[in-house]
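quick one, what's the 3D model for this:
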Amino acid sequence: MNRKWIFLIAAAAAVIGVFLVYSLQQADTPKKTLDQFITAVDKKQMKELKELIIPDDQQAEVNNISLTAFIQYLQKNNSSYQVIKESLNEQVKNEDFTETGQQVSLIEDGKKWGIFQQYKIKVKTAFIKVTGQEEGDELNLSIKGINTTSNEKDEDVYGPVLPGDYPVLTTINNKLGTFIDESHVEAWGNKQVTLVVDSNKLAREDENIKKNILEALDVFNRDFSVYQTSEFDFTKMTNVSKKLESDILYANSEFEMIKEYIDELHSQYLGAVVNLDDLIVDQFDQEWTAQVSALVAYDSKVKYREDDSFHDASYKVVTKYKLTYDAEAKSWLIDEIKGTVAEGTEDKDWKNKQEMMLEDPPVMIWSRTTNEISI
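Have a look, this model is predicted:
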């Protein structure tokens with residue numbers, strides 16, 4: 001063999017040797033994969049973690065959002081993290097790389113160049129089931145950056161997602177309106193985790209709902225002065241239900257019996273203080289109701305026939321209101337009232353209250369001689 005061939009063979013052997021050394025350095029080992037996983041979690045290395053993780057359901061998205069949720073859960077729940085590390089170390093020690101009962105397992109994943117065994121971290125994905133919604137609620141769950149489509153068999157089940165701690169946005173549409181709930185879901189430990197929504201609580205805490213209920217109280221209280229000075233004409237009440245109409249219909253006939261003794265009647269609604277801790281918003285059979293109480297003040301006076309002076313008839317009352325929601329009119333109606341004569345200091349013990357006192361409120365007047373309302 002001439003020197004030229006000897007040189008070529010030697011060069012080729014050297015190249016192959018370098019390649020083998022490089023390949024051995026790059027080849028995965030179980031311990032190396034485990035160390036890479038722990039480092040990626042501890043240092044929040046998204047790129048490295050993405051290359052290591054294989055979800056048990058390929059429909060689950062593996063991106064920065066889902067990996068952040070995965071890392072966040074482990075860093076918030078150190079005991080779970082320690083259990084996982086112990087389980088992975090046990091796999092390395094026993095050289096058992098089949099899927100375990102833990103959320104995370106070290107598995108074999110084919111061979112590199114058909115020679116070197118590769119290892120990956122396999123994770124059990126999870127589904128999120130939303131419960132607690134009422135009949136008639138239209139619901140949607142979303143996680144920013146994740147495609148959370150509902151299950152074909154159960155529209156209240158979303159996923160799959162990588163295990164982790166997710167910020168979720170739940171949107172509920174119903175007769176009362178649209179409510180958005182921001183919460184966190186720990187998708188970990190079970191194939192399906194539950195997110196409980198409470199549309200009644202969301203409605204009760206919604207500022208627009210509260211505002212609309214208080215406006216309904218204010219309208220009713222203003223109308224009541226007009227009602228008192230119109231010979232108790234129920235048509236002057238603009239936001240009441242048919243049920244309340246039947247409850248107080250007799251007031252007109254009672255006034256007819258005494259009006260010949262009265263020359264003039266004044267009524268001025270001064271305002272109210274609402275006890276927000278008493279506010280309840282609820283629904284049954286897709287019908288929404290609300291309850292709330294308020295300390296209400298009226299400045300009233302009456303002048304009797306053949307009497308030159310007015311008599312003070314002012315009063316304060318703690319009124320409990322029950323309201324019903326008219327979905328067609330999109331408004332709250334007063335459905336029931338119960339009043340208790342008050343001293344005027346009852347609101348001092350109310351921790352969560354809202355004042356609705358009026359500035360320069362109008363005085364409504366009924367006169368027997370003119371038989372009409374004036375301001």
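
helices of the chain, residue ranges please.
In the chain, the helices defined using DSSP state H lie at 3-26, 30-42, 46-52, 64-76, 78-94, 199-205, 207-228, 242-247, 251-258.

of these, which approaches Asp347 most closely?
With CB to CB, the closest approach to Asp347 among the helices of the chain belongs to helix 207-228: 14.4 Å. Heads up, the C-betas are built off the backbone N, CA and C, glycines and all.

pull out the buried positions in that closest one.
209-210, 212-214, 216-228 (16 or more other CB atoms under 10 Å).

go on, stretch 99-112?
Buried residues in stretch 99-112 (16+ other CB under 10 Å): 100, 102-107, 109.

and for stretch 127-145?
By 16+ other CB under 10 Å, the buried positions in stretch 127-145 come out as 127-130, 132-134, 137, 139, 141, 143.

before we move on, the earlier item: quick check, nearest of the buried residues of stretch 99-112 to Glu155?
Gln103 (26.4 Å).

and Tyr169, what is it in contact with?
Rather than Tyr, residue 169 is Leu. For Leu169, the contacting residues are 141-144, 180-182, by CB atoms under 8 Å, 6 or more residues apart in numbering.

filter these down to the ones in strands?
With strands defined by DSSP state E, the entries of the contacts of Leu169 inside them are 141-142, 180-182.

as TSV, these with pLDDT and distance to Lys47 would be great.
As requested, those are exported to TSV (pLDDT from 0 to 100; distance: CB to CB, whole Å):
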residue	pLDDT	distance to Lys47
Leu141	90	28
Ser142	91	26
Ile180	91	33
Asp181	91	33
Glu182	92	29
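
pLDDT at Trp5, what is it?
Note for Trp5: predicted pLDDT of 51.

give me the domain ranges for the protein.
Following automatic domain parsing, one gets these domains for the chain: 26-123, 126-199, 207-374.

other SSEs contacting the longest strand seen in the chain?
Ordering each strand of the chain by length in residues (DSSP E) puts strand 262-284 first. Helices and strands touching strand 262-284, as assessed by 3 or more CB pairs under 8 Å, 6 or more residues apart in numbering; DSSP states H and E, comprise helix 199-205, helix 207-228, strand 287-304, strand 353-357, strand 364-367.

what packs against the third one?
What that stands for is strand 287-304. With contacts defined as 3+ CB pairs under 8 Å, 6+ apart, strand 287-304 has these neighbours: helix 207-228, strand 262-284, strand 311-312, strand 315-326, strand 331-341.

what do you get if the cut-off is 7 Å, keeping everything else the same?
When contacts are defined as 3 or more CB pairs under 7 Å, 6 or more residues apart in numbering; DSSP states H and E, strand 287-304 packs onto helix 207-228, strand 262-284, strand 311-312, strand 315-326.

go on, the last one?
With contacts taken as 3+ CB pairs under 7 Å, 6+ apart, strand 364-367 sits against strand 262-284, strand 373-374.

with mean pLDDT and distance to Ile337 added, can I get those in a markdown table?
Formatted as a markdown table, the helices and strands packed on strand 364-367 follow (pLDDT from 0 to 100; distance: least, CB to CB, whole Å):
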| stretch | mean pLDDT | distance to Ile337 |
| --- | --- | --- |
| strand 262-284 | 95 | 12 |
| strand 373-374 | 54 | 22 |
